Each structure stands twice: as C-alpha cells, then as structure tokens.
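Trainee: sequence? don't have it. structure:
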Ligand code: VGL
Ligand code: ZN
C-alpha cells in the first residue's frame, strides 16, 4: 500500500441525523457533506468516524435543567456548557449516521459524550480536556500521522477535534467543502476557522485532495 495513504486518516465527525435536515440540532445544509465524504472515504485506507452518543439525562440538554432554555450557558464541573436541544440520544434514530453516509470503509467508530456530567465535543478528549476517548491511542498504534477532518459541526466538534489533533502533533487538514457549522453565537464558524488556521490547520478542498491522493 502507498505509504502516504497508510499515514493518513479521514476523520468523519458526527454525520448523524440530528445534525442534518429535520434533526433536533439541525446544522444548516448539514446533509450536503454526505456525498463529498462518501467520495473521499473510498480513497482512504484509514477512515475513522465519531458519533455524538448521549444518555437521555445528559447535562448538555436544556431539558435536564429545569428553568433553563436552549442556548443558555451553565457550569458543568467548572466548565462552561452551552445547553442544546435533546440530540443524539444513544440508540435513537437521531443518533444514527445519515442514511446515505457510506460506512463501509470505516475502520473505527468512536462514540463520545456518553457520561452524563460532561460533554465531549472533541474526538480526542472530553470537555475537561483531559479524559481521553482512546482515539489517539488507536491512531498512534496504527501509524497515522495526518488527519483530514470533515463532518459536523465546523464550530463545535470539528473545531475541538482539529485543535486537539494539532496539540497532539498530527498534521491536520480541514476539508473545507465537507464541513458545515452551527454558527452559534453568530460569527462562530468564521472565528473557529481563523483559530484553526492560526493553530496550523491547513484548509483543502475535496477536489484538490482527491487529485492529490495516490
Ligand atoms: C455537537 C453540539 C452539541 C457537534 C455535538 O457535533 O458539533 N454540537 N453536540
Ligand atoms: Zn452533543
């Protein structure tokens, strides 16, 4: 196998029904990433996907804080937490991958946000920035050095995953036409993209990536 491909991994973040059209935490145009990701995942040897996978009593849900509303901010274990509509409840239809997402090539699926007391935006660490999901160990063991990030949402799970990946020493690429964001608060997508670029994340289009793959 081509060495470049063995070193690289496509990381598909949270392409789940609840983040797509009609879902409870719908990301505008979220489902548009599906055909782009399907095209890319056929070209990579390593493809890892994440699923947001919450218990029904998860404390990121506004419904579990009487008197609070969606988009209010609370404190969870000393960490600021935006409150969301109930979403991606483990085992529910909303937590399933989008039905058109081709999962055939996925080598690993990481489920995160499973502890009720703490959220996990990043694919690598829970929001305490300390508790590992195990993904870094898997990628190290399989010799992955470069990560190509895609999926939902640009300004939350993709953003936190990309920033952690840089800190962990990976070469990090953001496939710019294979992500969509929540944009809460307004301007958050642009701000997140600038911060990722400043941190060393390289933006690449899926067509350029496709042309550069062996
Ligand atoms: C996400 C908000 C809450 C995401 C997950 O996948 O970006 N955003 N849970
Ligand atoms: Zn969530």
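Mentor: Arrived safely, thanks for sending. Small disclaimer: the values here were computed from a predicted structure and weren't measured. Ligands and ions are numbered 1, 2, ... in the order given.
Trainee: just the helices in the chain please.
Mentor: Taking DSSP state H as the test, the helices found in the chain are 3-7, 33-41, 135-141, 159-167, 188-199, 206-212.
Trainee: residue 94 is nearest to which of those?
Mentor: Among the helices of the chain, helix 33-41 comes nearest to residue 94, with 15.8 Å by Cβ to Cβ. (C-beta placed from N, C-alpha, C; glycine too.)
Trainee: now the longest strand along the chain: mean pLDDT?
Mentor: Scanning the chain for the strand with the most residues, using DSSP state E, yields strand 171-180. Averaging pLDDT along strand 171-180 yields 98.
Trainee: looking at the chain, which residue ends up farthest from its center?
Mentor: residue 67 (29.4 Å; Cα atoms, centre = their mean).
Trainee: which helix or strand in this structure has the lowest average pLDDT?
Mentor: Lowest by mean pLDDT, DSSP states H and E among the helices and strands of the chain is helix 3-7, with a mean of 76.
Trainee: spatially nearest residue to residue 28, not counting backbone neighbours?
Mentor: Nearest non-adjacent residue to residue 28, counting by Cβ to Cβ, 6 or more residues apart in numbering: residue 180, 6.5 Å away.
Trainee: does the one you found touch residue 36 like I think?
Mentor: No. Using Cβ atoms under 8 Å, residue 180 is not in contact with residue 36, being 10.4 Å away.
Trainee: please say which of the two ends up with more neighbours.
Mentor: Taking other Cβ atoms under 10 Å, residue 180 and residue 36 do not tie; residue 180 has more neighbours (24 against 19).
Trainee: separation between the closest residue to residue 151 other than its chain neighbours and residue 69?
Mentor: Computed as Cβ to Cβ, 6+ apart, the closest residue to residue 151 that is not its neighbour in sequence is residue 13, at 3.3 Å. Distance of residue 13 to residue 69, computed by Cβ to Cβ, to the nearest Å: 26 Å.
Trainee: who's more crowded, these two?
Mentor: residue 13 (33 against 9).
Trainee: show me which residues of stretch 101-121 are buried.
Mentor: For stretch 101-121, a neighbour-count test (16 or more other Cβ atoms under 10 Å) marks 101, 105-106, 110-114, 116, 118-121 as buried.
Trainee: an error on my part: the question was meant for stretch 39-47.
Mentor: Applying 16+ other Cβ under 10 Å to stretch 39-47 flags 40, 41, 43, 44, 45, 46, 47 as buried.
Trainee: and if you look at stretch 65-72?
Mentor: Under 16+ other Cβ under 10 Å, stretch 65-72 has no buried positions.
Trainee: which residues of the protein fall in strands?
Mentor: Under the criterion DSSP E, the chain carries strands at the ranges 8-13, 46-52, 73-76, 79-82, 108-112, 146-152, 171-180, 202-204.
Trainee: what is the fifth one packed up against?
Mentor: In terms of contacts (3 or more Cβ pairs under 8 Å, 6 or more residues apart in numbering; DSSP states H and E), strand 108-112 is packed against strand 46-52, helix 135-141.
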